[in-house]
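**Student:** no FASTA, just this:
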């Protein structure tokens with residue numbers, strides 16, 4: 001008599017453990033689904049905010065500095081600045097454009113007030129990296145640039161990205177202080193943000209402006225549906241298991 005009672009107790013314990021595991025998994029899957037819904041709402045609000053910013057009229061470089069000093073994000077805000085390019089101190093940021101390997105040319109622009117802005121003038125293929133190969137594009141005199149303010153990353157985005165080769169003037173991530181130091185701009189005030197120049201008719205065609213990529217992957221709805229689907233599937237499988245088990249016991253008693 002003791003053996004059947006022991007088996008019954010073990011079966012009962014197993015059922016409770018299974019029930020706890022199933023309930024725990026269900027709660028976890030629902031939590032992940034809810035989290036993705038929250039991420040979806042955040043991402044949609046961010047995209048709407050960026051779209052609104054980019055549609056605004058450009059402000060002066062002074063106004064942009066004030067916006068930043070007031071603690072507001074300046075990323076993707078249109079800005080306009082006037083000054084003279086220092087072409088002797090370009091920096092090159094590795095990039096691709098429609099499958100073409102090349103560089104974004106960053107050039108310091110000096111304003112009348114002495115302020116220095118590092119301007120991403122645009123993309124050049126590898127064959128046009130050297131300034132002599134695109135001499136027509138090395139515009140002189142006072143230039144007015146309209147583009148988007150871009151906040152630089154505080155550190156290298158990830159460990160897989162190569163280190164910047166500052167000695168060779170090659171950058172794989174936009175380290176603004178390092179670029180400014182390489183350009184010899186340590187003696188003047190450098191804005192703590194870049195400017196991505198907009199599309200323009202650059203003499204000779206290069207650098208080709210308008211390289212800003214505004215892309216925010218938004219797969220959160222898909223992820224939410226996946227997690228909720230797994231939770232629903234778990235309920236179905238668990239229900240089928242209970243139904244099969246009960247049906248098996250009914251047949252055994254009969």
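**Tutor:** On my side now, so go ahead. Treat the numbers as computed from the prediction; the structure is a model and nothing was measured.

**Student:** now the longest helix anywhere in the chain, how far from the chain's geometric center?
**Tutor:** Looking across the chain with DSSP state H, the single longest helix is helix 2-55. Here the centre of helix 2-55 is set off from its chain's centre by 27 Å, with CA atoms, centre = their mean, to the nearest Å.

**Student:** quick check, central residue of the protein?
**Tutor:** For the chain, residue 216 is the residue whose C-alpha lies nearest the centre (CA atoms, centre = their mean; 6.7 Å).

**Student:** can you confirm it is in a strand?
**Tutor:** No. Counting by DSSP: H, G, I helix; E, B strand; the rest coil, residue 216 is located in no strand; its state is coil.

**Student:** just the pLDDT for it.
**Tutor:** Residue 216 carries a pLDDT score of 73 in this model.

**Student:** from residue 218, how far off is the spatially closest residue to it that is not a sequence neighbour?
**Tutor:** Leaving aside its chain neighbours, residue 216 sits nearest to residue 47 (5.5 Å; criterion: CB to CB, 6 or more residues apart in numbering). Backbone N, C-alpha and C define where each C-beta goes, glycine included. Counting by CB to CB, to the nearest Å, the gap between residue 47 and residue 218 amounts to 7 Å.

**Student:** picking that back up, after the longest helix of the chain, which helix or strand is next?
**Tutor:** strand 59-60 (DSSP states H and E).

**Student:** off-centre distance for that following strand?
**Tutor:** Relative to its chain's centre, strand 59-60 lies at 25 Å (CA atoms, centre = their mean).

**Student:** residue 80 bridge partners, please.
**Tutor:** residue 60, residue 146 (DSSP bridges).

**Student:** just the strands in the protein please.
**Tutor:** Along the chain, the stretches classed as strands by DSSP state E are 59-60, 78-85, 91-97, 100-110, 116-125, 143-150, 170-171, 194-197.
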